[in-house]
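> attaching a predicted model along with its sequence, questions to come.
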Amino acid sequence: MFQNKKHRIALISVDGDPAVEIGQEEAGGQNVYVRQVGYALAQQGWQVDMFTRRSSPEQAAMSTTGYAYAQHSPNCRTIRLKAGPAEFIGRDNLFDYLPEFIEEFQQFQQQQGFHYSLIHTNYWLSSWVGMELKKQQPLIQVHTYHSLGAIKYRSIGDVPVIAAQRLAVEKACLETIDCVVATSPQEQKHMRILVSSNGKIEMIPCGTDTDKFGQIQRSAAREKLGIAPDAKMVLYVGRFDRRKGIETLVRAIAKSSFRGEANLQLVIGGGSRPGQSDGIERDRIASIVTELGLENCTTFTGRLDEIVLPFYYAAADVCVVPSHYEPFGLVAIEAMASQTPVVASDVGGLQFTVVPEVTGLLAPPKDEVAFAAAIDRILINPAWRDQLGEAARQRTEIAFSWYSVAFRLTQLYTRLLSETAPNTRPRIAV
Ligand code: UDP
């Protein structure tokens, strides 16, 4: 049996830097996933190098080798490679810089004197990087999509120029690489129906930090945040993006039977940058809040860092995830780990994480009346809220810890490495 101890693997996430601050423009679930999976795999014995692109001039080279590192633990580091100018570039405009990324990656391997035997790529841009690398050296490629073009482009009016390229790459990836990881049974089904009936898929969910979330009492969290003990607090956490459906939540609050009561509070957490797409969406949501006369009960917190975020989840009566679509949706399980029930859209991975009537409730996406009814059912009954919260916590402990995600990935990697015929097996880097 192939042993994983101290073998080097590369997690590649060109557009999602695992070491960057989370919670604003294009930095969300993918970044968290790569970072947490990287940490957990390192704890399980792998030498993990996480590769991303350099996106700001401050990310200067930190070593004599000329590469920009962030060392997270002895076995886990982020390496930032040059791919285009060192500035933020939106995902839809990154494809042309990928050949430079590949060249840098090859030079890095050469300088270090080893080749990675296994790479785990994230998002379609990195899947292309992986497939190109595989043409040049023997390696095993595992991929997580994080989002499928085939679904995304169904729900937006403005399909970008890169769309056809993305769809072709996503199809080639599923059909040719060693294994694709689906993070929910729903994502797996969509891959089969919308991407290809060929290729290997293994379902391994995302995880959450059950030590970080779930250790704070509601009363203590409210005291810290200055929220009244009798407040009815409804929480949203996430990026400002139309597909997140924040508008549905705001309109649901306007229809809530608690509307007009002094203790109703809507807290919208997440960062934005003026003039960028998330800043534009934030302004749009703020204008709907004003139009509906909800300013007095609505707070925009800005980006919530990892220290304060657990307090918000713990303080809330209910966390709402009103996305039009989610392949997984980390926010739902973070709230659940914090013993806070979730009202979510009845779509994608949210149908897998949220068990209706047991850990929260599901409502049709974009249906503000159904969301209002679901939120009210929880706000009106604190005893049921606590019961749902307790079951939610139990579900995350059983099904969604990063430790168990890394354990299952380790089993997958180990199996793929040992299945490779000895004469074609990549040279193992130690
Ligand atoms: N997040 C955060 N601070 C914020 C807003 C979001 O740390 O102010 C984190 C959140 O805790 C979660 C991630 O961003 O871990 C969002 O992941 P999710 O899968 O819910 O959505 P995505 O960003 O992938 O669409």
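Good, I have the coordinates. Because the structure is predicted, anything quoted here is derived from the model rather than measured. Residues are numbered from 1 along each chain as shown.
> how about the strands in the stretch 101-250 of the chain?
118-122, 140-144, 179-182, 201-203, 232-237 (DSSP state E, counting those that start in this stretch).
> so which residues on the stretch 1-150 of the chain come close to the ligand?
22-23, 28-30, 32 (C-beta under 6 Å from any ligand atom). C-beta coordinates here come from the backbone N, C-alpha and C atoms, glycine included.
> list buried residues within those residues.
Among those, the ones that count as buried by 16 or more other C-beta atoms under 10 Å are 22-23, 28-30, 32.
> identify the farthest-apart pair in those residues.
Across these, the longest distance by C-beta to C-beta is 12.7 Å; it joins 23 and 30.
> which ones among the residues of the stretch 1-150 of the chain next to the ligand lie within helices?
The helices, defined by DSSP state H, take in 29-30, 32 from those.
> in TSV: those, plus pLDDT and distance to residue 181.
Shown next, in TSV, are these (pLDDT from 0 to 100; distance: C-beta to C-beta, whole Å):
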residue	pLDDT	distance to residue 181
29	93	14
30	96	13
32	95	15
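> list just the nearest of those residues to residue 417.
Among those, and counting by C-beta to C-beta, the member closest to residue 417 is residue 30, at 24.7 Å.
> distance of the closest one from residue 294?
Distance from residue 30 to residue 294, counting by C-beta to C-beta, to the nearest Å: 31 Å.
> low-confidence ranges in this structure?
Low-confidence segments of the chain, defined by pLDDT under 70: 1-6, 23-25, 60-66, 421-430.
> quick one: the most centrally placed residue in it and residue 291, what's the gap?
In the chain, the residue lying closest to the centroid (C-alpha atoms, centre = their mean) is residue 29, at 1.5 Å. According to C-beta to C-beta, residue 29 stands 30 Å off from residue 291.
> just residue 156 next, same as before
23 Å.
> cool, and residue 17?
When distance is defined by C-beta to C-beta, residue 17 is 36 Å away from residue 291.
> in TSV, list the buried ones among the residues of the stretch 1-150 of the chain next to the ligand along with distance to residue 141.
Shown next, in TSV, are those (distance: C-beta to C-beta, whole Å):
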residue	distance to residue 141
22	26
23	30
28	24
29	21
30	17
32	22
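> what residues does the stretch 301-430 of the chain put near the ligand?
So the stretch 301-430 of the chain meets the ligand at 303-304, 309, 328-331, 334 (C-beta under 6 Å from any ligand atom).
> pick out the most distant pair among these.
Farthest pair in those (C-beta to C-beta) is 303 and 328. Separation: 20.9 Å.
> okay, these two: which has more neighbours?
residue 328 (26 against 17; other C-beta atoms under 10 Å).
> my read is that one is in a strand, agree?
No. Residue 328: not assigned to a strand; according to DSSP: H, G, I helix; E, B strand; the rest coil it is coil.
> give the contact list for it.
By C-beta atoms under 8 Å, 6 or more residues apart in numbering, the contact set of residue 328 is 29, 183-184, 187, 205-206, 348-349, 352-353.
> run the last query once more with 7 Å
29, 183-184, 205-206, 349 (C-beta atoms under 7 Å, 6 or more residues apart in numbering).
> now these in a markdown table, with distance to residue 248?
Below are those laid out as a markdown table (distance: C-beta to C-beta, whole Å):
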| residue | distance to residue 248 |
| --- | --- |
| 29 | 19 |
| 183 | 23 |
| 184 | 21 |
| 205 | 25 |
| 206 | 23 |
| 349 | 18 |
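> from the residues you listed, which is closest to the ligand?
Among these, residue 29 lies closest to the ligand (C-beta to the nearest ligand atom), at 2.3 Å.
> give the full set of residues in contact with that closest one.
Applying C-beta under 7 Å, 6+ apart, the residues near residue 29 are 146, 328, 330.
> for residue 152, see how far away the second one is.
Computed with C-beta to C-beta, the distance linking residue 328 and residue 152 is 14 Å.
> again with residue 91
Residue 91 is 11 Å from residue 152, by C-beta to C-beta.
> could you give the bridge partners of residue 320?
Beta-bridge partners recorded for residue 320 (DSSP bridges): residue 343.
> contacting residues for it?
Contacts here follow C-beta under 7 Å, 6+ apart; on that basis residue 320 touches 234-236, 249, 343, 371, 375.
> let me know the closest of the contacts of residue 29 to residue 411.
Using C-beta to C-beta, residue 328 is the member of the contacts of residue 29 that lies nearest residue 411, at 19.7 Å.
> count the neighbours of residue 369 for me.
Neighbour tally, residue 369, other C-beta under 10 Å: 12.
> contacts only, for it.
Shown in contact with residue 369 (C-beta under 7 Å, 6+ apart): residue 255.
> now name the helix or strand holding it.
helix 368-379 (DSSP states H and E).
> now do that helix: distance to the chain's middle.
Taking C-alpha atoms, centre = their mean, to the nearest Å, one finds the center of helix 368-379 at 26 Å from the center of the full chain.
> in that helix, which residues are buried?
Under 16+ other C-beta under 10 Å, the buried positions of helix 368-379 are 368, 370-379.
> please apply the same query to stretch 348-366.
Quick answer for stretch 348-366 (16+ other C-beta under 10 Å): 348-355, 359-363, 365.
> that stretch: end-to-end distance?
One end of stretch 348-366 sits 14 Å from the other (C-alpha to C-alpha, to the nearest Å).
> fine by me, thanks again.
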